[in-house]
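Engineer: Predicted model and sequence below, questions to follow.
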Amino acid sequence: MEHLPLTLACGSNEHLEPLRDGLVRPNGIDLTYQTVDPVTTLVDRMVKGQEFHASEMFLALYFTARSQDAFPFVAMPIFPSRAFRHSNIFINTNSGIREAKDLQGKRVGLPEYRQTASVWIKGILQHDYGVDLTSIQWFEGGYNDSRPRDEMDIAPAGPISLEFIPETDNLNAMLERGDLDALIGAGRPASFGVSPHVQRLFADYPSEERDYYRRTGLYPIMHTLVVQESVYQKQPWVAQSIYQAACQSKETAWAKLRSSGSTGTMAPWGVTDLAELEGLFGPDPWPNGLEANRANLETLMGYLVEQGLLPAATPIDDLFVSVEQPEA
């Protein structure tokens with residue numbers, strides 16, 4: 001049987017390396033795997049040009065676009081990127097901010113109001129620390145470099161104060177100058193570690209993140225994998241094939257990390273760190289599949305509604321294609 005040629009583009013993901021390297025192959029597919037970094041470039045190429053048959057996709061973008069528009073992609077319950085985000089809240093120490101509640105009434109920058117990392121951070125600030133998001137003056141724009149406005153920039157509904165900064169400026173410079181009191185997002189401002197006035201809100205962020213996971217069970221999902229809807233409609237079996245291959249790839253990567261004979265990471269205490277990780281998360285910190293991630297996905301969906309990015313929640317089951325066989 002002739003295999004279906006298909007191109008999959010992802011960022012640098014450790015647990016997809018066996019799929020990238022050909023150690024794992026999806027059934028019935030002649031896969032061309034492309035690594036594209038940064039992921040923002042990959043998503044831009046996929047959304048605007050549909051350059052790949054399947055790709056990594058920002059989860060908040062997918063939820064909002066698929067819920068409201070004719071977004072020509074469907075998601076598979078594969079989640080190649082997760083991250084706690086307590087470490088991504090930066091403050092100017094001259095702002096008077098000492099704890100999360102002090103963000104109320106302040107000027108806070110973010111690269112995109114609908115960015116998945118920003119949505120998670122705002123939701124955590126609201127629900128875990130009692131921050132009134134509507135009291136904040138939000139400023140959107142380039143993070144460490146200037147950027148023009150883009151068609152994917154979304155203005156939220158409701159009583160949200162959001163302003164786009166001048167295209168010649170950037171959020172990092174504004175934070176360092178004191179024109180912003182705080183900055184959130186997926187990255188780290190260039191002034192951190194350089195300017196004495198730019199610090200993390202949570203100095204001991206690992207403890208905050210561990211406590212958050214123990215209380216909520218949430219390891220925030222950032223990205224999913226999508227396939228062009230036209231491909232899926234013609235060959236619906238490709239979703240299950242990619243899903244099974246992604247699960248197998250992850251298990252292969254984990255087996256490499258668990259090997260004490262030859263560490264699979266440059267971290268000198270990687271094996272010890274892995275044991276601590278499994279003690280907190282259990283044997284699989286990165287589960288694929290819909291049911292294992294339902295609470296995670298529904299939490300993000302709820303934040304999108306609360307933050308004025310969706311008028312109402314879309315059922316999670318309507319946003320992911322069916323993959324019949326569960327993850328091994």
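Structural biologist: Sure, I can see it. Residues are numbered from 1 along each chain as shown.
Engineer: Select the helix or strand of the chain having the lowest average pLDDT value.
Structural biologist: Lowest mean confidence among the helices and strands of the chain (mean pLDDT, DSSP states H and E): helix 270-281, at a mean of 78.
Engineer: Let's see that one as CSV, backbone CA atoms only.
Structural biologist: C-alpha atoms of helix 270-281 as CSV (Å, rounded to 0.1, in the frame of the first residue of the first chain):
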residue,chain,number,x,y,z
GLY,A,270,18.9,14.8,35.3
VAL,A,271,18.1,11.3,36.6
THR,A,272,17.5,12.7,40.1
ASP,A,273,15.4,15.5,38.8
LEU,A,274,13.4,13.0,36.8
ALA,A,275,12.7,11.0,39.9
GLU,A,276,11.5,14.1,41.8
LEU,A,277,9.3,15.1,38.8
GLU,A,278,7.7,11.6,38.7
GLY,A,279,7.2,11.8,42.4
LEU,A,280,5.1,15.0,42.0
PHE,A,281,3.4,14.2,38.6
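Engineer: could you point out which element follows it?
Structural biologist: Downstream of helix 270-281, the first helix or strand assigned by DSSP states H and E is helix 294-306.
Engineer: Give the buried residues for stretch 98-111.
Structural biologist: 100, 102-104, 106-111 (16 or more other C-beta atoms under 10 Å). Bear in mind the C-beta positions are built from the backbone N, C-alpha and C, glycine included.
Engineer: Can you give me the end-to-end span of it?
Structural biologist: 23 Å (C-alpha to C-alpha, to the nearest Å).
Engineer: And the contacts of that stretch?
Structural biologist: 89, 95-97, 118, 125, 128-132, 135-143, 165, 171, 174-175, 179-187, 201 (C-beta atoms under 8 Å, 6 or more residues apart in numbering).
Engineer: can you do 6 Å?
Structural biologist: Contacts with stretch 98-111, where a contact means C-beta atoms under 6 Å, 6 or more residues apart in numbering, come from 118, 125, 129, 131-132, 135-139, 143, 171, 180-185.
Engineer: what about burial for these, which qualify?
Structural biologist: Using 16+ other C-beta under 10 Å, the buried ones in these are 118, 125, 131, 136, 138-139, 143, 171, 180-185.
Engineer: Which elements pack onto the helix or strand containing residue 223?
Structural biologist: Assigned by DSSP H and E, residue 223 falls within strand 221-228. Identification of packing neighbours for strand 221-228 by 3 or more C-beta pairs under 6 Å, 6 or more residues apart in numbering; DSSP states H and E yields strand 54-58, helix 59-68, strand 73-82.
Engineer: Just want the angle from that strand to strand 73-82.
Structural biologist: Counting by axes from the mean of the first three to the mean of the last three C-alpha atoms, to 10 degrees, strand 221-228 lies at 150 degrees to strand 73-82.
Engineer: quick one, phi psi at residue 132?
Structural biologist: phi -80, psi 110 (degrees, to the nearest 10).
Engineer: which residues touch it?
Structural biologist: Here residue 132 is in contact with residue 104 (C-beta under 6 Å, 6+ apart).
Engineer: Pull up the gap between it and residue 243, please.
Structural biologist: Per C-beta to C-beta, to the nearest Å, residue 132 is found 40 Å from residue 243.
Engineer: ok, now residue 115?
Structural biologist: From residue 115 to residue 243 the distance is 26 Å (C-beta to C-beta).
Engineer: Could you do residue 122 as well?
Structural biologist: 30 Å.
Engineer: remind me which residues of the chain are low pLDDT?
Structural biologist: 1, 260-267, 269-271, 324-328 (pLDDT under 70).
Engineer: Which residue ranges of it form strands?
Structural biologist: Using DSSP state E, the strands of the chain run over 4-10, 29-35, 54-58, 73-82, 89-92, 107-110, 137-140, 161-164, 182-184, 198-200, 221-228.
Engineer: Determine the number of other residues adjacent to residue 80.
Structural biologist: If you count neighbours by other C-beta atoms under 10 Å, residue 80 ends up with 24.
Engineer: For the closest residue to it other than its chain neighbours, grab the count of nearby residues.
Structural biologist: In this structure, residue 80 finds its nearest non-sequential neighbour in residue 13, 4.6 Å apart by C-beta to C-beta, 6 or more residues apart in numbering. If you count neighbours by other C-beta under 10 Å, residue 13 ends up with 20.
Engineer: What of residue 84?
Structural biologist: 18.
Engineer: which residues does it contact?
Structural biologist: With C-beta under 6 Å, 6+ apart, residue 84 has these contacts: residue 209.
Engineer: let's see 7 Å
Structural biologist: 209, 212, 220 (C-beta atoms under 7 Å, 6 or more residues apart in numbering).
Engineer: ok, those vs residue 34, which is closest?
Structural biologist: residue 220 (25.9 Å; C-beta to C-beta).
Engineer: May I see the buried residues of the longest helix that the chain contains?
Structural biologist: Across the chain, the longest stretch assigned as helix under DSSP state H is helix 237-258. Across helix 237-258, burial judged by 16+ other C-beta under 10 Å covers 238-254, 256-257.
Engineer: No more questions from me, cheers.
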